[in-house]
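Asks: return atomic coordinates for the entry below.
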Amino acid sequence: MSGRLASKVALVTGGGNGIGAAICKRFAEEGATVLVTDIDLESAQRVAAEISAAGGKAEARQQDVTDPDRWNSVLDAVVSDFGNLDVLVNNAGIGTIMPIEQETLEGWRRMQSVNMESVFLGTQAAIRVMKDHGGSIVNISSIEGIIGEPLVPAYNASKGGVRIFTKSAALHCAQEGYGIRVNSVHPGYIGTAMVADAIGTMPPEQALAFQQELLTRIPLGRLGEAVEIANTVLFLASDEASYMTGSELVVDGGYTAR
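Replies: This next block holds a predicted model:
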């Protein structure tokens, strides 16, 4: 532990599993007080307990990131309990495989609500409580917000929205002199339950073919690990990235380099 986030208070949405859990643990290892939020309170409590057992500082909160009132109540409670918020990671998200001809308007809207509109709500709420002292907002997008994929049009749209929204928010905060940096991270294919569950919706033969082809398209020849994304987010959250705002960091094993 080097204390790269010592004395900082950080909130991570979707912190109960996968990339979110890895981010929470890395933040705590580097000295942050971590608010682990998730729509599934039990998963958030489990991660917070693991952090505490390892000597870190963490609390769990239930949060539906699509609910604007819940955003305000969670952040007001953080400020009341800890004095301020220094870091927000908008990580909560969903992913489904559904080509454009089969996608429904209901499915499309749900994807935009969870993946993109929640990032707007979280960023707006965080600016309200950060603008007097500065901070770092990190939005988790995806390589699917940069390139197209025929199987996930709704996901493409949601993550592309996160990418360009991040730049807009970064410019606003810089223009206003708030001292808030806003950046995005774009993971490639990471070995998480969300990726496995999405592939699992395919017929078995199609899923196997997809996985085999996928590995041939990743120059490093493997799926990424959640901690590899967490380390990137840690850098952006820390003062080491003090001259970075409106940036997008791609962590994909070389997938988009072709």
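
Asks: ok, which stretches of the stretch 1-150 of the chain are helices?
Replies: Under the criterion DSSP state H, counting those that start in this stretch, helices of the stretch 1-150 of the chain are mapped to 18-29, 41-53, 68-82, 105-112, 118-130.

Asks: between the longest one and helix 118-130, how many degrees?
Replies: Looking back up the chat, that one is helix 68-82. 40 degrees (axes from the mean of the first three to the mean of the last three Cα atoms, to 10 degrees).

Asks: before we move on, the earlier item: okay if I get the helices of the stretch 1-150 of the chain as CSV plus mean neighbour count?
Replies: Just so you know, the C-beta spots here come from the backbone N, C-alpha and C atoms, and that holds for glycine as well. Formatted as CSV, these follow (neighbours: other Cβ atoms under 10 Å):
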stretch, mean neighbour count
helix 18-29, 26
helix 41-53, 18
helix 68-82, 16
helix 105-112, 14
helix 118-130, 21
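
Asks: for H172, find the nearest of those helices.
Replies: Of all those, helix 118-130 sits nearest to H172, with 8.1 Å by Cβ to Cβ.

Asks: how far out from the middle of the chain is the closest one?
Replies: Put simply, helix 118-130 sits 14 Å off its chain's centre (Cα atoms, centre = their mean, to the nearest Å).

Asks: quick one, that helix and helix 105-112 angle?
Replies: 30 degrees.

Asks: quick revisit: nearest to H186, out of the helices of the stretch 1-150 of the chain?
Replies: helix 18-29 (11.9 Å).

Asks: touching that closest one from outside, list them.
Replies: Contact partners of helix 18-29, identified using Cβ atoms under 8 Å, 6 or more residues apart in numbering, comprise 1, 5, 10, 12-15, 34, 36, 38, 43, 47-48, 50-51, 54, 56-58, 87, 89, 91-92, 140, 187, 190, 192-194, 226-227, 229-231, 233-234, 237.

Asks: what subset of the residues you listed is buried?
Replies: Among the contacts of helix 18-29, those that count as buried by neighbour count (16 or more other Cβ atoms under 10 Å) are 5, 10, 12-15, 34, 36, 38, 43, 47-48, 50-51, 56-58, 87, 89, 91-92, 140, 187, 190, 192, 194, 226-227, 229-230, 233-234, 237.

Asks: about what we covered before: how about the helices of the stretch 1-150 of the chain in JSON lines, adding mean pLDDT?
Replies: Below are the helices of the stretch 1-150 of the chain laid out as JSON lines (pLDDT from 0 to 100):
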{"stretch": "helix 18-29", "mean pLDDT": "98"}
{"stretch": "helix 41-53", "mean pLDDT": "98"}
{"stretch": "helix 68-82", "mean pLDDT": "97"}
{"stretch": "helix 105-112", "mean pLDDT": "98"}
{"stretch": "helix 118-130", "mean pLDDT": "98"}
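
Asks: how about a markdown table for the ones you listed, with distance to A169 added?
Replies: Supplementary listing: those in a markdown table, determined by distance: least, Cβ to Cβ, whole Å:
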| stretch | distance to A169 |
| --- | --- |
| helix 18-29 | 19 |
| helix 41-53 | 25 |
| helix 68-82 | 15 |
| helix 105-112 | 17 |
| helix 118-130 | 5 |
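
Asks: tell me which of these sits nearest to I180.
Replies: I180 lies closest, by Cβ to Cβ, to one member of the helices of the stretch 1-150 of the chain: helix 118-130, at 5.2 Å.
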